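Student: Sequence and predicted structure below; questions after.
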Amino acid sequence: MRSDARRGPRAGIALKTAALGGMLFLHIPLLIIVLYAFSSEARSFTFPIPGFTTKWFAVAFERQDVRDALGLSLRVAATATAVALVLGTLASAAVWKSRFFGRDAISLLIVLPIALPGIITGIALRSAIAITEIPFSFWTLVIGHATFCIVVVYNNVLARFRRTSGALIEASMDLGANGLQTLRYVILPNIATALLAGGMLAFALSFDEVIVTTFTAGQQSTLPIWMLSQLLRPRDRPVTNVVAVFVIAVTFIPIIAAFYLTRDTHDVSGSQK
Amino acid sequence: MTSSAAMLPRESGFLQRLSSGLYLRPRLLLFLLLAPPLLWLGVIYLGSLFALLAQSFFAVDEFSGMVVKEFTLATYRDFLTNPANWDIILRTVVMAAAVTLACAVIAFPIAYYMVRFAGMRLKAAMYLGVMLPLWSSYLVRVYSWKLILAKEGIISWFANQLHLGWALDAWLSLPVIGGPSLSTSYTGTFVVFVYIWLPFMILPVVAALERVPNSVIEASGDLGARPRQTFRQVILPLAIPGVVAGSIFTFSLTLGDYIIPGIIGQSTPFLGQAVFAQQGIAGNIPLAAAFTVVPVVLMGIYLALAKRLGAFDAL
Amino acid sequence: MVANGVPAVRFEDVSRLFGDVRAVDRVSFDVADGEFFSMLGPSGSGKTTCLRLIAGFEQPSSGHVQVHGINVEGVPPYERDVNTVFQDYALFPHMSVGENVEYGLMIRKVPKPERKKRAEEMLDLVKLSGLYARKPSQLSGGQRQRVALARALINHPRVLLLDEPLGALDLKLRESMQAELKSIQRQIGITFVYVTHDQGEALAMSDRLAVFNHGRIEQIGSPAEVYDHPKSVFVAGFVGQTNLIERELALRFGGTAGTYAIRPERIRIEPLTAPLSPGLAAVEGRIGGITYLGSTSRVLVAVDGGEIVVVETNLEGGTAMPDRQPGTPVRLVVDRKHIQSVAA
């Protein structure tokens, strides 16, 4: 046996290079976005950037259409997150608490909106909106977003519930607390960080969503919709760059927060978006 | 002590009575917990899906352009007999398969390094590094490739700096995968698809590799296998379900995406774009609905295959 | 022991079904006020379900459960004057030790200063003084067990239920906790209903115990009654070691056909040359093997007719048995009063 064998396994150079290369592939494009937000060139994507400027940030925040889109996105994300928190927590409590007929079917139903390609969810909602003749509004956006956000809350909270001994609830009731007191003093404190993490991921997911949104927005413009229109018909490249950086910031912060909130517990279920 | 002290004084408030009522009727409590999410998903979501499916059995009247609400298989007949649609399906499936394969090849070393070699801190950092692009900034990440792949963008610049401009031009002059520039070629579409869906492949593979107990690897070494043999005979077979689980995402997401090929790539449509065009531009909801059945059926076949390979254990 | 004639807990023909499974099958028993009562049995025998019926986590499918003379069907756990020490302690992980102990008082809206004072008294009682501010995760298993006990006792329940409270502790700690639990029970004088699968624990601590099997009670009695006079094959086998004597050997030991239980330590080994005392049952056999157990030794004796009898004896003291080599012919003698007829 080689002398270094007892120091534990070591990666070969090829594996290291492949892993590093893969991680760089994932992240360099995001850095490039940030770089371009400071480019002084307004008409093309010339590289290297000819000059460095921060003026586009000021320009972008003066734009009324960007501000309106940002405001709508934030309101939709906040409302959809609130709805998803309630529905996802109720569903996870039910699935955790009891074994009932059709329990697996419910898990499937909750995952379906993100397991099926987004275009199917989108077009289905669109045709339902058309059939029921509901006018497009803030609420049609919220309905679409909440539908695919439920699963995020559900997964996080259910994972926490599963690590929480059911005996805690019995202990609380045994010591004289009724259902509501048990909810307040035992259940909520124990799932608080999972709720927060789930809520933050749901917020990030909603804030960023474009596929379902296209079908439920009508004439309204969320920030991703605004960006999409810029991608298809570029008019304001510098402003788009700044908005892109802003979207990265708004979605990264809650995800990092959620990661640290559930870090010790490995709750964040990332394998399903 | 009187015997009635066995019971604590009952509070008679409404909430207390509500709590007792629910405690003693667990089925009622379960019903109350399940009703809101089930109503939401059952009525709004499933209702919409079934309405969509039902529409695929209607047809558009050729003269008025209005949807005729009568059961007919005409839409499916028109859809299946149009060779252009078969082209679209074939193009999309080939792309989805290529993207899935590339994702698996790129994801595996990352996942393997993460699980077997990275220390605690590096592993956490890598995990976060995979989570961030998974959860966020889909559109921004697509957009970044528009910058990178543009004619005057980074790839061209680097190619010219390295005096490899000729190689890039040669690649772009290839049939099918080439084009006027990277951002208007299938090569570009492919790269962006791989980039966007890669995290969805990494995490299930990590999960599968983490489930390989160290003792199994040690046992293999103990029984005389060299590291390379252990990798091939023990680790790789145990990681396959994770790869298959990841491929469910990469395959499904590529099938349904209509944004990426619209921004980066040629003008020939993929499945998602066709659906979008039918319902948006042509206003032919029945045909769009029939189109959406295709990815659902394809995914059904794919999931049935994946299940045989044990992918669901790694989800 | 029965203070006012009303039992602390009474089961009247109680059954609890889970689907088709009868977890508890027509069980009736009384627990006297102030008694230390154990429910002993293998896992799945229904003892824990009985405890949960008293606590209020389960409702009987039929029959009546009474606590201090009052039917408690339909009374949720939080309205019962009964507290539980849980098997895995079920300490609230987000609260300090002190907050755990005062939880019941907090729910009853006792003011904070008094709560804290009483919690500290309770921590003194279970010898955890000074750990008020710790988190449960910072405690050892034995300490957690004591917190769980303090948390249940602070409410002064009239009945304390303990669900295998010592199961997770190592042997030494378990033995010292047994003595301590018993002394705490005497000190505060409340009824303990104790669930365990450890027959040694049940024999050591209980005033009376009930042996459960397949959802039914096989026998109820004092530890001595249950040990010395097991009524069934199951009880004889589950509580302590026993020799079950059947068929031909039963005739030679007991005189009539049937099944008999004889404790290994009740059998004496004699050389064939010793005079046979009257009033004793005796059979002959050969020594098969000896296992050294420390304070005693276990001797396997092959009795004529092929059956093996286990004898537990202190070979050093008192026995006139010079030769212990396997194959040595010996006589086994046992006082007839120690031959217990059991139901098959």
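Tutor: In hand now; what should we look at?
Student: How far off centre is the helix or strand harbouring residue A:124?
Tutor: Take DSSP states H and E as the rule and residue A:124 turns out to sit in helix A:118-132. Centroid displacement of helix A:118-132 relative to its chain, using Cα atoms, centre = their mean, to the nearest Å, is 21 Å.
Student: Indicate whether the helix or strand immediately after it in the chain makes contact with chain C.
Tutor: Going down the chain from helix A:118-132, the next helix or strand is helix A:138-163, by DSSP H and E. No - Helix A:138-163 does not reach chain C (Cβ under 8 Å from any Cβ of the partner chain); its nearest approach is 10.1 Å. To be clear about C-beta, it is placed using only N, CA and C from the backbone, and glycine gets the same treatment.
Student: Please point out which parts of helix A:138-163 sit buried.
Tutor: Buried positions in helix A:138-163, judged by neighbour count with 16 or more other Cβ atoms under 10 Å in any protein chain shown: A:140-161.
Student: and the residues you listed near chain B, which?
Tutor: Checking the buried residues of helix A:138-163 against chain B (Cβ under 8 Å from any Cβ), the matches are A:143, A:146, A:147, A:150.
Student: So the last one versus chain C, what's the distance?
Tutor: Spatial separation of residue A:150 from chain C under the definition Cβ to the nearest Cβ, to the nearest Å is 26 Å.
Student: Packing partners of the helix holding residue A:124?
Tutor: The contact analysis (3 or more Cβ pairs under 8 Å, 6 or more residues apart in numbering or on different chains; DSSP states H and E) places helix A:118-132 against helix A:138-163, helix A:211-216, helix B:47-55, helix B:236-256, helix B:271-280, helix B:285-308.
Student: Could you pull up phi and psi at the closest residue to residue A:66 other than its chain neighbours?
Tutor: Leaving aside its chain neighbours, residue A:66 sits nearest to residue A:60 (5.7 Å; criterion: Cβ to Cβ, 6 or more residues apart in numbering or on different chains). When read as degrees, to the nearest 10, the backbone of residue A:60 gives phi -60, psi -40.
Student: surely residue A:60 meets residue A:244?
Tutor: No - in this structure, residue A:60 is not within contact of residue A:244 by Cβ atoms under 8 Å, at 10.1 Å.
Student: Those two: which is more packed in?
Tutor: Between residue A:60 and residue A:244, counted using other Cβ atoms under 10 Å in any protein chain shown, the more crowded position is residue A:244 (26 against 21).
Student: how far is the least confident helix or strand in chain B by mean pLDDT from where the chain is centred?
Tutor: In chain B, no helix or strand scores lower on mean pLDDT, DSSP states H and E than strand B:67-68, which sits at a mean of 74. Computed by Cα atoms, centre = their mean, the chain-centroid distance of strand B:67-68 equals 33 Å.
Student: Whichever helix or strand comes after it versus helix B:285-308: what angle between them?
Tutor: Where DSSP H and E defines the elements, the next helix or strand beyond strand B:67-68 is helix B:74-81. Put simply, helix B:74-81 runs at 60 degrees to helix B:285-308, going by axes from the mean of the first three to the mean of the last three Cα atoms, to 10 degrees.
Student: tell me the mean pLDDT over helix B:74-81?
Tutor: The average pLDDT within helix B:74-81 is 83.
Student: which parts of the helix or strand following it are buried?
Tutor: Once the chain leaves helix B:74-81, the next helix or strand it forms, by DSSP H and E, is helix B:83-116. Within helix B:83-116, the residues that qualify as buried are B:85, B:88-89, B:91-93, B:95-96, B:98-100, B:102-104, B:106-116, counting by 16+ other Cβ under 10 Å.
Student: So which of those reach chain A?
Tutor: For chain A, the contacts drawn from the buried residues of helix B:83-116 by Cβ under 8 Å from any Cβ are B:106, B:107, B:109, B:110, B:112, B:113, B:114, B:116.
Student: Closest residue of the stretch 101-250 of chain C to chain A?
Tutor: Nearest residue of the stretch 101-250 of chain C to chain A: residue C:104, at 4.0 Å (Cβ to the nearest Cβ).
Student: my read: that residue touches residue A:172, true?
Tutor: No - counting by Cβ under 8 Å, residue C:104 sits too far from residue A:172 to count as a contact (9.5 Å).
Student: For my notes, confirm residue C:17 occurs in a strand.
Tutor: Yes - the assignment for residue C:17, made by DSSP: H, G, I helix; E, B strand; the rest coil, places it in a strand.
Student: residues in contact with it?
Tutor: For residue C:17, the contact set (Cβ atoms under 8 Å, 6 or more residues apart in numbering or on different chains) comprises C:23, C:61.
Student: Bridged to it, which residues?
Tutor: residue C:22 (DSSP bridges).
Student: Adjacent strands (with direction) for the least confident helix or strand of chain B?
Tutor: strand B:59-60 (antiparallel).
Student: So which residues make contact with the strand it pairs with?
Tutor: Residues outside strand B:59-60 that contact it (Cβ under 8 Å, 6+ apart) are B:66, B:67, B:68, B:70, B:72, B:74, B:75, B:78, B:284, B:285, B:286, B:287.
Student: switch to 10 Å and redo it
Tutor: B:66-78, B:282-287, B:290 (Cβ atoms under 10 Å, 6 or more residues apart in numbering or on different chains).
Student: Which of these are buried? Put it as a ChimeraX command.
Tutor: Selection of buried members from the contacts of strand B:59-60 for ChimeraX, criterion 16+ other Cβ under 10 Å:
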select /B:67,75,76,78,284,285,286,287,290
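Student: Quick check: of the ones next to chain A among the buried residues of helix B:83-116, which lies closest to chain C?
Tutor: Among those, residue B:114 lies closest to chain C (Cβ to the nearest Cβ), at 28.2 Å.
Student: I figured the closest one hits residue B:123, correct?
Tutor: Yes - in terms of Cβ atoms under 10 Å, residue B:114 counts as a neighbour of residue B:123; the distance is 5.6 Å.
Student: Give the residues shared as contacts by these two.
Tutor: Common neighbours of residue B:114 and residue B:123, using Cβ under 10 Å, 6+ apart, are residue B:206.
Student: what residue ranges in chain B score low on pLDDT?
Tutor: Along chain B, segments meeting pLDDT under 70 span B:1-12, B:65, B:280-282, B:310-315.
Student: Give me the contact status of stretch A:18-29 with chain B.
Tutor: Yes - residues of stretch A:18-29 contacting chain B under Cβ under 10 Å from any Cβ of the partner chain: A:18, A:19, A:20, A:21, A:22, A:23, A:25, A:26, A:27, A:28, A:29.
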